[in-house]
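K.L.:
here's a sequence, model it:
(one chain, ligands or ions: 2)
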Amino acid sequence: MNNTEEHVDEHAEESEGLIKTPKQLLITVILAFLIPIVVLIMLAHLVAAGEQTGAGSDALQPKAIEARIKPVASLDLVDANAPKVYKTGQQVFESTCTACHTAGVAGAPKIGNHDAWAPFIKTGYEEMIKNAIHGIKAMPPKGGNPSLSDYEVARAVAYMANKSGASFKEPPAPAPAKPAAAAQAAAPAVAAAAPAAAPAPAPAAAAPQAPAAQPKAAAAAPAAAEKVDLAEGEKLYKSVCFACHAAGVMGAPKYGDKASWAPFIKTGLDTMVQNAIHGVGPMPPRGGSQATDAQMRDAVSYMVQAAK
Ligand code: HEC
Ligand code: HEC
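P.N.:
Numbering: from 1, shown residues only. Ligands and ions are numbered 1, 2, ... in the order given. All right, here's what the predicted structure looks like:
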């Protein structure tokens, strides 16, 4: 019996080894769980921390760059686009001016309301353009859209005013494709509209323009001179030119009025056609239309024939 007991004791001692008490066993078991977990947590943390700095900076940088570039980029766009593609008066109105001028916000004259616009229209197109560009009272400069060119604002003014009782003619585009016109292009955008209110300086402005146009007249005219289609001319006159020439708006020679046409007729048809094509005084190039040279010749002939 004694032997057996000793044997069992030996066994117990042997199998227990380092762990000799229940307390030690408990600690061992707990550590066996905890140590791998702690190691895993630390490893995971290391990896995650590594990813955070790596991925974090990668993801933020393009956004930061974009954010920094954005204002510069859009400014560049304005500069690059402005001289190239002009918004029409309607487009400008619909993108900017409508905010106030459709509902009459802040006391803005409502588009289409003749009474509200009449006092402004009375001051003249030039004055209105000036106020629209620089702002007046509750009206912010350029309607609060500084990306608009002066020319685009002028177009929008014509668009709104013409829907509200005026009959303004948009100024010609400041940068027409013709290289000859390029030199005089930039400045007259608004200036060209000005003579509406101040007809006096118009002939002066017209004078230097005419000689420049004449050499080209010689080249362009003979080709078109062959055939004049008065019916075609009448069509163009009735759709475009009558706007000024029927009533003599801005000092335009009146249709059928011999006396007012005589001084022009004296200069010859070719000169007149070229002046009408390139614009003269308050008259915009081609009367503001897209008419071809031949159609312009037809229309001038149609008007001249009625004034002989
Ligand atoms: C934030 C509102 C607002 C926007 C946007 C706005 N306007 Fe105006 N506008 C006004 C107000 C208000 C007046 C009346 C000012 C006054 O009492 O003289 C006015 C007046 C005008 C006048 C008459 C100015 C004068 O004294 O001859 C013109 C022309 C005009 N606006 C053009 C425009 C054009 C073109 C745009 C778009 C490019 C535009 N407005 C956008 C508020 C606005
Ligand atoms: C926005 C108003 C306006 C429109 C539209 C207009 N004209 Fe004129 N036109 C004038 C004015 C103003 C003059 C006088 C220019 C000056 O002071 O010498 C003029 C002068 C002319 C002359 C004489 C030019 C010269 O010096 O020999 C011809 C020709 C002419 N217009 C043809 C046309 C034809 C053709 C059209 C239509 C395609 C047209 N106009 C549309 C305002 C206009």
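K.L.:
ok, which stretches of the stretch 201-308 of the chain are helices?
P.N.:
202-225, 230-236, 242-245, 258-266, 269-278, 293-306 (DSSP state H, counting those that start in this stretch).
K.L.:
what is the second one packed up against?
P.N.:
In this case it means helix 230-236. helix 293-306 (3 or more CB pairs under 8 Å, 6 or more residues apart in numbering; DSSP states H and E). C-beta coordinates here come from the backbone N, C-alpha and C atoms, glycine included.
K.L.:
the residue lying closest to Gln24 once chain neighbours are set aside: neighbour count?
P.N.:
Leaving aside its chain neighbours, Gln24 sits nearest to Leu18 (7.4 Å; criterion: CB to CB, 6 or more residues apart in numbering). Look at Leu18: counted by other CB atoms under 10 Å, it has 6 neighbours.
K.L.:
Leu18 reaches Leu25, doesn't it?
P.N.:
No: under the criterion of CB atoms under 8 Å, Leu18 makes no contact with Leu25, lying 10.1 Å away.
K.L.:
how about Leu26, secondary structure?
P.N.:
Three-state call for Leu26 (DSSP: H, G, I helix; E, B strand; the rest coil): helix.
K.L.:
tally of neighbours for it?
P.N.:
Quick note: Leu26 (other CB under 10 Å) scores 11 neighbours.
K.L.:
tell me the pLDDT of the residue nearest to Gln24.
P.N.:
For Leu18, the model assigns a pLDDT of 75.
K.L.:
likewise Leu31?
P.N.:
Value for Leu31, per-residue pLDDT: 82.
K.L.:
now it. Its backbone dihedrals?
P.N.:
For Leu31, the backbone dihedrals (degrees, to the nearest 10) come out as phi -60, psi -40.
K.L.:
mind listing what Gly89 touches?
P.N.:
Neighbouring residues of Gly89 by CB atoms under 8 Å, 6 or more residues apart in numbering: Glu152, Arg155, Ala156, Val157, Ala158, Tyr159, Met160, Glu170.
K.L.:
can you report how many residues lie near Met139?
P.N.:
Neighbour number of Met139 under other CB under 10 Å is 19.
K.L.:
what is it paired to in the beta sheet?
P.N.:
In this entry, Met139 is beta-bridged to Ile136, by DSSP bridges.
K.L.:
so where is the stretch 1-150 of the chain shaky, pLDDT-wise?
P.N.:
1-16, 48-84 (pLDDT under 70).
K.L.:
tell me the residues of it that contact ligand 1?
P.N.:
With CB under 6 Å from any ligand atom as the criterion, the stretch 1-150 of the chain meets ligand 1 at residues 92, 96-97, 99-101, 105-109, 120, 123, 127-128, 131-132, 136-140, 142-145, 148.
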